[in-house]
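**Q** need a 3D model of the following:
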Amino acid sequence: AWTDVEEDETDSGFEAESTEGSVYDYVSEDEIIMLAKTVAQEGGDCSYTQQACVVWTVLNRVDSWEWPNTISENLNMGGQFAYYSWKPYRDDHYQVAYDQVYNWLFGGERYLGSDYQYFYGDGWRNHFYGKNSSEYVPD
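**A** Got it, this is the predicted structure:
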């Protein structure tokens with residue numbers, strides 16, 4: 001069930017166990033919540049892989065010189081992502097967002113190559129693509 005998780009109710013148990021520090025040393029919890037809300041809207045009931053790819057599309061844009069260099073700036077661009085600050089999200093959406101930011105920061109598994117900065121949905125799944133990359137439709 002969809003629940004509206006209040007920002008002060010988020011699980012602080014997502015702390016990274018890493019010598020590099022915590023995810024929250026580099027990315028604010030507000031930005032993780034923004035990603036979670038985007039995941040909820042763009043792939044809320046899709047597979048973990050589909051949801052992770054939504055996050056990687058945002059992170060790949062942050063890394064690209066062609067787009068703004070913060071998560072919040074990319075999510076607040078008009079017409080790019082279905083991010084709405086008032087939308088609810090679930091704990092699993094927060095977890096997938098956190099996991100991918102952790103991987104991005106500390107060299108973990110990438111679900112999409114850096115060229116994948118775009119996607120569209122067909123009502124069932126998202127189709128991810130880049131300027132020089134073939135379409136990828138994960139299960």
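**Q** make it CA atoms for all contacts and neighbour counts henceforth
**A** Will do.
**Q** what pLDDT does the spatially most central residue of the chain get?
**A** Relative to the mean C-alpha position of the chain, the nearest C-alpha, by Cα atoms, centre = their mean, is the one of residue 55, at 2.3 Å. Looking at residue 55, its pLDDT stands at 98.
**Q** now for the helix or strand encompassing it, which elements pack on it?
**A** Using DSSP states H and E, residue 55 sits in helix 48-63. On a contact count with 3 or more Cα pairs under 8 Å, 6 or more residues apart in numbering; DSSP states H and E, helix 48-63 meets helix 29-43, helix 71-75, helix 91-106, strand 116-121.
**Q** most tightly packed of the ones you listed?
**A** Greatest average neighbour count among the helices and strands packed on helix 48-63 goes to helix 29-43 (a mean of 23), per mean count of other Cα atoms under 10 Å.
**Q** what's the angle from it to helix 48-63?
**A** 130 degrees (axes from the mean of the first three to the mean of the last three Cα atoms, to 10 degrees).
**Q** circling back to that earlier point, need the helices and strands packed on helix 48-63 in CSV with distance to residue 135 and mean pLDDT, can you?
**A** Below are the helices and strands packed on helix 48-63 laid out as CSV (distance: least, Cα to Cα, whole Å; pLDDT from 0 to 100):
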stretch, distance to residue 135, mean pLDDT
helix 29-43, 17, 97
helix 71-75, 22, 97
helix 91-106, 21, 97
strand 116-121, 9, 96
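**Q** export the ones you listed as CSV, with columns for distance to residue 63.
**A** Converted to CSV, those look like this (distance: least, Cα to Cα, whole Å):
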stretch, distance to residue 63
helix 29-43, 15
helix 71-75, 10
helix 91-106, 10
strand 116-121, 10
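**Q** between the ones you listed, which one is nearest to residue 82?
**A** helix 29-43 (5.8 Å; Cα to Cα).
**Q** helices or strands next to the closest one in the packing?
**A** helix 48-63, helix 71-75, helix 91-106.
**Q** can you show me the CA trace of that helix as PDB?
**A** Only the C-alpha atoms of helix 29-43 are listed here, as PDB (Å, rounded to 0.1, in the frame of the first residue of the first chain):
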ATOM      1  CA  GLU A  29      18.500  12.900   2.700                       C
ATOM      2  CA  ASP A  30      16.100  15.400   1.000                       C
ATOM      3  CA  GLU A  31      17.600  14.400  -2.300                       C
ATOM      4  CA  ILE A  32      17.300  10.700  -1.500                       C
ATOM      5  CA  ILE A  33      13.600  11.400  -0.700                       C
ATOM      6  CA  MET A  34      13.200  13.300  -4.000                       C
ATOM      7  CA  LEU A  35      14.600  10.300  -5.800                       C
ATOM      8  CA  ALA A  36      12.300   8.000  -3.900                       C
ATOM      9  CA  LYS A  37       9.300  10.100  -4.900                       C
ATOM     10  CA  THR A  38      10.500  10.000  -8.500                       C
ATOM     11  CA  VAL A  39      10.900   6.200  -8.400                       C
ATOM     12  CA  ALA A  40       7.300   6.000  -7.000                       C
ATOM     13  CA  GLN A  41       5.900   8.000  -9.900                       C
ATOM     14  CA  GLU A  42       8.100   6.600 -12.700                       C
ATOM     15  CA  GLY A  43       8.300   3.000 -11.800                       C
END
